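Asks: Take this sequence and fold it.
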Amino acid sequence: MFSWITGHPWAYPALEVVHLVGIALLLGNLVLLELRVLGVAKALPLPALARAALAVALCGFGLAAGSGLLMFASQPLELLANRAFTIKMGLLMLAGTNAAMFHARGGLQKLDTTARLQTALSLGIWLAVLTCGRFIAYV
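Replies: From the prediction side, this is the model:
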C-alpha cells in the first residue's frame, strides 16, 4: 500500500525533509519556552510566549508525526527491529506523558521546583529522541 514511498526516488527524501521541518518547529519553540520556564529571558511575558510557542510547536509535532508515520509505513518490520527506533518511540511516549503531567498540574502558572524539574527532564528526553532518531540509520 505504501510502496510509492520507497518506489519513488523523491518520496522518502521529501518525507525526511518534512520530518526535519516538523522537528525544528516543535523543538525550536519548545526549547525557547522551556528555557523561559527555567528562568532565561525573564523579561518575556510567559503567557504570550506560551501561546505562540505552543501553537507552532503543535504544528511542528503534526508535521513530524504525520511524516514519521508515513516513513514507518514504508518499512515497519525493519523499523520495529531497530533498537534505536524502539527506544525513540518509548522516549516520545515519555515526553508526551511528561508534557501532559506538566500542563495538567498547571506548570506554566506555578513555575515551581516541580515545573522546573519537569522542564529539565523534557529537554533531556528530547535530546535523547533526537539522538535515537539519528542512530536509526546506523544500528
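Asks: Residue 133 and residue 64, how far apart?
Replies: Plainly put, residue 133 is 10 Å away from residue 64 if you go by Cβ to Cβ, to the nearest Å. For every residue, glycine as well, the C-beta is placed using N, CA and C.
Asks: Spell out which residues are contacts of both of the two.
Replies: Residues touching both residue 133 and residue 64 (Cβ atoms under 8 Å, 6 or more residues apart in numbering): residue 23.
Asks: Among these two, which residue is more densely surrounded?
Replies: Neighbour comparison, residue 133 and residue 64: the larger count goes to residue 64, with 22 against 19 (by other Cβ atoms under 10 Å).
Asks: just checking, what packs against whichever strand or helix holds that one?
Replies: Assignment of secondary structure by DSSP states H and E places residue 64 within helix 46-74. If you count contacts as 3 or more Cβ pairs under 8 Å, 6 or more residues apart in numbering; DSSP states H and E, helix 46-74 packs onto helix 3-7, helix 11-37, helix 107-110.
Asks: buried stuff in the helix or strand just after the last one?
Replies: It stands for helix 107-110. Reading on from helix 107-110 to the C-terminus, the next helix or strand found by DSSP H and E is helix 113-135. Along helix 113-135, the positions that meet the burial threshold by neighbour count (16 or more other Cβ atoms under 10 Å) are 115, 116, 118, 119, 122, 125, 126, 128, 129, 132, 133.
Asks: same question, stretch 5-13
Replies: When neighbours are counted by 16+ other Cβ under 10 Å, the buried residues of stretch 5-13 are found to be 5, 11, 12.
Asks: ok, back up a step: which of the buried residues of helix 113-135 sits closest to residue 33?
Replies: Compare each of the buried residues of helix 113-135 with residue 33 using Cβ to Cβ and the shortest gap goes to residue 119, at 8.6 Å.
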